[in-house]
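[1] I'll drop the sequence and a predicted model, then ask my questions.
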Amino acid sequence: MVRDDTTDLIAAFLIGATLGIGATLLLRPERETGARRLLREMGAAPARVRTGARDAGARFAEAGREAASLFRDEVSGVVDAARDEILNTAQRAVKEARRSLRRQGRG
């Protein structure tokens, strides 16, 4: 389950990074690229593109926060389970040690 969540988190990060790079290249003001020219020809105003990129960025940021929260919850669950198992193991070891001492007549 942790591996699946990690894979999903990495995939979301890579998708976000790819879209971020694409938006950066599209909105770069140095020279007109083929994609920028195409957008201009299609009638897309740069302000609308920036707004759309900003909205997409906000959605990706929210998805990233949600993925981080799910990852944190999963890790917390794993740590809690490990702590409980360690406690149970220690309790069994103490119980066994007491039995052993009683059998030897020292308890």
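    Cool, the structure landed.

[2] Find the residue ranges of the protein scoring beneath the pLDDT cut-off.
    Residue ranges of the chain with pLDDT under 70: 1-4, 25-26, 28-50, 106-107.

[3] Go again with 80.
    Low-confidence segments of the chain (pLDDT under 80): 1-9, 20-55, 57, 105-107.

[4] for it, which helix is longest?
    helix 46-103 (DSSP state H).

[5] Can you tell me which helices and strands that helix packs against?
    In terms of contacts (3 or more C-beta pairs under 8 Å, 6 or more residues apart in numbering; DSSP states H and E), helix 46-103 is packed against helix 2-27. (C-beta placed from N, C-alpha, C; glycine too.)

[6] Spit out the contact partners of residue 9.
    67, 68, 71 (C-beta atoms under 8 Å, 6 or more residues apart in numbering).

[7] what's the distance between it and residue 100?
    47 Å (C-beta to C-beta, to the nearest Å).

[8] my guess is residue 53 meets residue 59, correct?
    No: in this structure residue 53 lies outside contact range of residue 59 using C-beta atoms under 8 Å: 10.7 Å.

[9] More neighbours: those two, which one.
    residue 53 (17 against 11; other C-beta atoms under 10 Å).

[10] excluding its backbone neighbours, what's nearest the more buried one?
    In space, and not counting its chain neighbours, residue 53 is closest to residue 23: 4.3 Å by C-beta to C-beta, 6 or more residues apart in numbering.

[11] Test my guess that that neighbour contacts residue 54.
    No: in this structure, residue 23 is not within contact of residue 54 by C-beta under 8 Å, at 9.2 Å.

[12] the more surrounded of those two?
    residue 23 (17 against 11).

[13] Can you give me every residue that contacts the more buried one?
    53, 56, 57.
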